[in-house]
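Chemist: test case, fold it:
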Amino acid sequence: MIIIESAHHIVESKLNKKPSLVCKGICKSVHWHDTDANQPQVLVLPKCEICGGNLKLATENIDYKVLELAITNEEFGFNKISRIKPEFIKFAEKTWLK
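Modeler: You can find the predicted model right below:
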């Protein structure tokens, strides 16, 4: 399990790895991108599932900060829970939560 702080979110994931992508759009959320070892490693970045913004490769301590990392069983529990920081709720309601 990992807990991440990004610009507007506190995100908890059952995954035992750091996020690989961050939204450059208005929501600034982090995302995990699974790669298949049998496929060529040409990364086509998808759009953000929250606000539709462009994603970019995430850099720790620039795009996000790890608050907690505990190795847990990834088969159980939630995949990802993202909470908007209280100071950004009104901004979110006016922009990407319309």
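
Chemist: so what's residue 31 up against?
Modeler: By CB atoms under 8 Å, 6 or more residues apart in numbering, residue 31 lies in contact with 19, 20, 21, 22, 23, 48, 49, 55, 58. To be clear about C-beta, it is placed using only N, CA and C from the backbone, and glycine gets the same treatment.

Chemist: quick one: it from residue 2, how far?
Modeler: As judged by CB to CB, to the nearest Å, residue 31 and residue 2 stand 13 Å apart.

Chemist: go on, residue 52?
Modeler: 25 Å.

Chemist: next one: residue 33
Modeler: Where residue 2 is concerned, residue 33 sits at a distance of 15 Å (CB to CB).

Chemist: these two - which one has more neighbours?
Modeler: Between residue 33 and residue 2, residue 2 has the larger neighbour count (other CB atoms under 10 Å), namely 22 against 13.

Chemist: so what does the more buried one have for phi and psi?
Modeler: The phi/psi pair for residue 2 (degrees, to the nearest 10) reads phi -130, psi 140.

Chemist: can you check residue 18 too?
Modeler: Backbone phi and psi, for residue 18 under degrees, to the nearest 10, turn out to be phi -80, psi 150.

Chemist: show me what contacts it?
Modeler: 2, 4, 58, 60, 64, 66.

Chemist: quote the end-to-end distance of stretch 19-33.
Modeler: 8 Å (CA to CA, to the nearest Å).

Chemist: equivalent analysis for stretch 10-26, please.
Modeler: End-to-end for stretch 10-26, by CA to CA: 15 Å.

Chemist: swap in stretch 8-16?
Modeler: Termini of stretch 8-16 sit 22 Å apart (CA to CA).

Chemist: show me which positions of that stretch end up buried.
Modeler: 8, 9, 11, 12, 13, 14 (16 or more other CB atoms under 10 Å).

Chemist: spatially central residue for the chain, please.
Modeler: The chain has residue 30 as the residue nearest its centroid, 1.9 Å off, counting by CA atoms, centre = their mean.

Chemist: strands along the chain, start to end?
Modeler: Applying DSSP state E to the chain gives strands spanning 2-6, 9-13, 21-23, 30-31, 55-57, 64-69, 80-84.

Chemist: before I go, just wanted to say thanks for your time.
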